[in-house]
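> Structure of the sequence below:
(4 chains)
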2 protein chains.
Amino acid sequence: MQRTNFSEMACSIARTLDVIGEPWSPLILRDIWVGFSRFEQLQADLGISRKVLTERLNHLVDRGVLERRPYDQRPRYEYVLTDRGRELLDVLMVMVAWGDKWLAGQAGPPVLYRHHACGEISHVDLACAHCGKPMHADDIDILPGPGAAA
Amino acid sequence: MQRTNFSEMACSIARTLDVIGEPWSPLILRDIWVGFSRFEQLQADLGISRKVLTERLNHLVDRGVLERRPYDQRPRYEYVLTDRGRELLDVLMVMVAWGDKWLAGQAGPPVLYRHHACGEISHVDLACAHCGKPMHADDIDILPGPGAAA
DNA sequence: TGTTGGAGTTCCTTTAGGGAACCCCAAACG
DNA sequence: CGTTTGGGGTTCCCTAAAGGAACTCCAACA
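Down below sits the predicted model:
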């Protein structure tokens, strides 16, 4: 194997990278999120090579993030997010928050999020799933878990 | 250019991928986060090619995510996270939450987070930076922002 | 019977990752 | 004062993966 296989590492970051770490994969998920669900649409919107798009879609389906399903009697297929896939969008939303803050420059963010609950233009922040208070890298201790390597 | 340049796209996901989207980059940040700061340490811990490690470190320094600084009179350097870099760890923490949930299997998560504020073993969740309520992909409308493409 | 459009394959070129060997430099050692 | 050691990289070769254009297949439709 030429490119290192991350899936065997005892690290959830590495394992997640095995799913969405290849070039284009997060952008494919973004496109499907916003409504581009068919091969031709994705190819045209992203400008990705058809060969690579095929590989990425197959990989995402294999990993259970996308489902390929027919939408016509003719051999036509669309790609839809599974539950796993929809939860992966969390990763993208945090990338958006970071990119908006540090890379958007003068022009400002390319897209805005309006939060249904409060109606405001906003962005995501990280909170503790247990107590709800802010939870960032400096707010935690890292401990070995049950699945730690030997 | 052979691999497509994501940095020019009007998309904060694509721009963030230009910074940390190459193979190994998130794992390098993880390692620096947990205390591996020197070239030899990173190379040994990750098992990454020295050539690629050099390229990645230079790229991350160029993008302002890491700072390379001497730690000795001898030509010895360590890599430390900048503010930008520390905020990128948010992305990694969300990847951990997803990987722990969907990929850890029987063995359970390789590492655990203990939240300082509440003292509990927990993980991150996404909240609205404005109102504090949960904020996931289905809880928002996406609107064009000032930096949208023409 | 021919054309169209979606959904891929195939094939070729170029680049980037893997890996081993090599290099430079400033202590520290004998 | 010549040699070893260790950190921090370069260089080089080989293979795999990205880009891109052309080609294929198939079921409607004209």
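> Helix, strand or coil: sort out A:A107 for me.
Assigned with DSSP: H, G, I helix; E, B strand; the rest coil, A:A107 falls in the coil class.
> how about it, what does it touch?
Residues in contact with A:A107 (Cβ atoms under 8 Å, 6 or more residues apart in numbering or on different chains) are B:P146, B:G147. For every residue, glycine as well, the C-beta is placed using N, CA and C.
> any idea how far B:A10 is from it?
8 Å (Cβ to Cβ, to the nearest Å).
> where are the low-confidence patches of chain A?
Where chain A drops to pLDDT under 70, the residues are A:1-2, A:150.
> mind checking the longest helix of it?
helix A:83-103 (DSSP state H).
> Tell me which residues of that helix come out buried.
Buried residues in helix A:83-103, counted by 16 or more other Cβ atoms under 10 Å in any protein chain shown: A:84-100, A:102-103.
> Helix, strand, or coil at A:R114?
strand.
> quick one: it and B:C128 touch, right?
No: A:R114 is beyond contact range of B:C128, at 10.3 Å (criterion: Cβ atoms under 8 Å).
> So for the two, which sits in the more crowded spot?
Under the criterion of other Cβ atoms under 10 Å in any protein chain shown, the comparison of A:R114 against B:C128 puts B:C128 first, with 22 against 14.
> In this structure that one contacts A:D125, no?
Yes: using Cβ under 8 Å, B:C128 is in contact with A:D125, at 7.4 Å.
> so where do the helices sit in chain A?
A:12-20, A:25-33, A:39-46, A:50-62, A:83-103.
> Bridged to A:C128, which residues?
Judged by DSSP bridges, the bridge partners of A:C128 are B:V124.
> hey, what's in contact with both of A:A107 and B:A10?
With Cβ under 8 Å, 6+ apart as the test, A:A107 and B:A10 both reach B:G147.
> Skipping its backbone neighbours, what lies nearest A:L66 in space?
Nearest non-adjacent residue to A:L66, counting by Cβ to Cβ, 6 or more residues apart in numbering or on different chains: A:L60, 4.3 Å away.
> So the one you found versus chain B, what's the distance?
13 Å (Cβ to the nearest Cβ, to the nearest Å).
> Kindly report the same for A:L126.
Counting by Cβ to the nearest Cβ, the gap from A:L126 to chain B is 4 Å.
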